[in-house]
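>>> Let's see this in three dimensions:
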Amino acid sequence: FAGEGQGLGGSAAYVNDLVAAGQLGSVRAVINLDMIAYRNSPAFDVLLEGKAGVSAPLLGLLAGLVPQYTSLVAYTSTNPYGSDHIPFLNKNVNAVLLIEYEDWFNPW
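Sure thing, here's the model as predicted:
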């Protein structure tokens with residue numbers, strides 16, 4: 001989505017459009033990949049971030065798939081913050097963010 005760094009403009013507009021059209025219920029899940037390709041620690045890692053209750057099905061599924069199909073070290077959080085999954089979570093849509101675990105070390 002455009003405008004993520006400027007206040008989630010694109011994803012918020014998309015969710016608002018879905019609501020206005022009565023189509024938000026057609027969204028079964030959202031997987032948001034953000035900052036996923038920079039190695040910022042000795043281990044390759046990923047943070048799976050969702051919202052308690054809302055994201056439990058998708059968060060659990062992805063947390064189980066990561067070690068099964070990758071060599072990534074996976075961390076989970078149910079304290080969502082600042083990416084395009086937030087507008088979906090605010091409307092109780094099952095959404096998960098996958099991001100570099102220590103994303104604050106990414107200079108880009």
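
>>> Can you list the buried residues in the biggest helix by length in the chain?
Longest helix of the chain, by residue count under DSSP state H: helix 56-69. Buried residues in helix 56-69, counted by 16 or more other Cβ atoms under 10 Å: 58, 59, 62, 63, 66. Every C-beta, even on glycine, is put in place using the N, C-alpha and C of the backbone.

>>> Give me the residue ranges of the protein where confidence is low.
Low-confidence segments of the chain (pLDDT under 70): 37-42, 102-108.

>>> which one in the protein is furthest away from the centre?
For the chain, the residue at maximal distance from the C-alpha centroid (Cα atoms, centre = their mean) is residue 21, at 23.7 Å.

>>> related to what we said a few turns ago, who does the longest helix of the chain touch, helix- and strand-wise?
With contacts taken as 3 or more Cβ pairs under 8 Å, 6 or more residues apart in numbering; DSSP states H and E, helix 56-69 sits against strand 45-49, strand 73-77, strand 95-99.

>>> what's the most buried one of the ones you listed?
strand 95-99 (a mean of 25; mean count of other Cβ atoms under 10 Å).

>>> Other residues contacting it?
Residues outside strand 95-99 that contact it (Cβ atoms under 8 Å, 6 or more residues apart in numbering) are 29-36, 46-51, 54-55, 58-59, 62, 80, 83-85, 88-89.

>>> CA-only coordinates of it in CSV, if you can.
Output in CSV follows, covering the C-alpha atoms of strand 95-99 (Å, rounded to 0.1, in the frame of the first residue of the first chain):
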residue,chain,number,x,y,z
ALA,A,95,-4.2,-9.9,9.9
VAL,A,96,-0.5,-10.6,10.6
LEU,A,97,2.6,-8.6,9.9
LEU,A,98,5.9,-10.3,9.0
ILE,A,99,8.8,-8.0,9.6
